[in-house]
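Asks: Predicted model and sequence follow; I will ask about them next.
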Amino acid sequence: MAEYIQRGKRRCPSCKIETTKKQCPQCGHTTVGSGDWTVRFKTYENGKIVYKRLSNHYKTKKDAEQGMMLFLEQQKLRNSQSQECSHLSFESAYEQFIHTKQNDIKESSVYTFDTIFRNYITPYFKQKNIDQLTKLDYLNWLNTLQQRKLSPKYMDVIRGTMQNLLNWVESIYDIPNLLNKLPKTKKKVINTEMQFYDLEQWKKFQNAVKDDILYDTLFNFQYFMGTRIGEAVALSDKDIDFQNNIVHITKSLTRKTKEASYKITTPKNSTSIRDVSMPNIIVKKLKKYLDWKRQNGIASEFLFGGTKPLSDNTYTRKFRYYSLKADLPTIRIHDLRHSHASLLINNGANVMLVSKRLGHSTPTETLNRYAKLFRSAEDEIIKKLNNL
């Protein structure tokens, strides 16, 4: 039997005074509750008696009663789904999962989920019922991934993707997530040095690329602005503000889409929407480059392109070509972002400035990523202090 309780003090309808008693201490009238209602009741879960208390700010007793009835109906539905889970195939579970996720995450994230499941998960669990899987099944699956000699970092990404699905299945169908019970694979820690070009190396690169105005502008933009490559290739001519010498970063380009060859979307996070100040070298190069675009009738939809953005393969191939031409070690184009961070840190920029310029979510992210560079910069500061 349900028990309905009203929170807060009671009010006398005659004297209008508040009290905790059921009768008014002044006039003796029956007092009326003034707070929200809660309801306590007994139900069954997994064959056991449990007591539930619902307190969703119900304004009336009837609201509390309706809330309890809705809870019991939903519980009945969950129980029936749990009983029918033996008919839930792995593919069906994933289809339901990705359908619910589409409203919560970016299209590029959905694309990544699809890619990982298609290549590393679904082929192993195809035509299997998800409730009948055992810890041994998951262990064998992890062993097959190890045999493919994937990097430890990517193994964690695949496992985390699978965890997302199994956590969702557990919340909807009450099927335990057995992958949680398996220990993570121990992996050797490989200390890899962050790759970047210092200023002397960059001067060599500049000398190699100087006659190619498009890529000279793009690669210098990356080195001296520190934007993500997706943010850079999504820019239009209108995003450049020469009056204030800033670039408005409000969008990013992704190729992780099923609808077209590319899509313009929001940047990585809210702090990535920012205005980045331009040093003189970028102001000069952009003005010269935009004049060249106008003289050659190149459209302004995309700053580095025209009516269409530059192809990933094209600018990656060009970057490698000019690195080899300058007799420099080949690094990724994303490492120009690290190069920019190194340039700032080694010239005394504080962590707040570096974090804001790179569009990191917090300064902690910047410290974690570039801790070694900050320590090196601190050594230089100590030397200066010692010389005072």
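Replies: In hand now; what should we look at? Numbers count the residues shown, from 1 in each chain.
Asks: What are the contacting residues of stretch 351-365?
Replies: By Cβ atoms under 8 Å, 6 or more residues apart in numbering, the residues outside stretch 351-365 that reach it are 226-228, 231, 249, 267-269, 271-274, 276, 337, 340-341, 344-345, 366-367, 369-370, 374. Just so you know, the C-beta spots here come from the backbone N, C-alpha and C atoms, and that holds for glycine as well.
Asks: how long is that stretch end to end?
Replies: Terminal residues of stretch 351-365 lie 10 Å apart, using Cα to Cα, to the nearest Å.
Asks: Counting neighbours, which bits of that stretch end up buried?
Replies: 351, 354-355, 357-360 (16 or more other Cβ atoms under 10 Å).
Asks: cool, and stretch 229-241?
Replies: So for stretch 229-241, counting by 16+ other Cβ under 10 Å, buried means 229-237, 239-240.
Asks: low-confidence ranges in the stretch 1-150 of the chain?
Replies: 1, 20, 46-48, 79-87 (pLDDT under 70).
Asks: Please repeat the previous calculation with a cut-off of 80.
Replies: 1, 5-23, 25-26, 28-35, 44-50, 55-57, 59, 75-88, 102-105 (pLDDT under 80).
Asks: Grab the nearest non-local neighbour of H248.
Replies: D239 (4.7 Å; Cβ to Cβ, 6 or more residues apart in numbering).
Asks: thought that neighbour was touching L303?
Replies: Yes. The criterion here is Cβ atoms under 8 Å, and D239 meets it with L303 at 6.8 Å.
Asks: Have a look at the protein and report its longest strand.
Replies: Ranked by residue count and defined by DSSP state E, the top strand of the chain is strand 48-58.
Asks: on contacts alone, who are the packing partners of that strand?
Replies: When contacts are defined as 3 or more Cβ pairs under 8 Å, 6 or more residues apart in numbering; DSSP states H and E, strand 48-58 packs onto strand 37-45, helix 61-83.
Asks: ok so, going back, sort out which of the buried residues of stretch 351-365 are in strands and list them.
Replies: Checking the buried residues of stretch 351-365 against strands, none of them qualifies (DSSP E).
Asks: tell me the two of those that are most distant?
Replies: Longest distance between any two of the buried residues of stretch 351-365 is 14.0 Å, between V351 and G359; criterion Cβ to Cβ.
Asks: Check which residues of the helix or strand hosting W168 are buried.
Replies: For W168, the host element (DSSP states H and E) is helix 152-173. Across helix 152-173, burial judged by 16+ other Cβ under 10 Å covers 155, 158-159, 161-162, 165-166, 168-169, 172-173.
Asks: Surely I116 is within a helix?
Replies: Yes. Per DSSP: H, G, I helix; E, B strand; the rest coil, I116 lies within a helix segment.
Asks: Look up how far N313 lies from the closest residue to it other than its chain neighbours.
Replies: Distance criterion Cβ to Cβ, 6+ apart; nearest residue to I116, sequence neighbours excluded, is T161 at 4.8 Å. For T161, the distance to N313 (Cβ to Cβ, to the nearest Å) stands at 26 Å.
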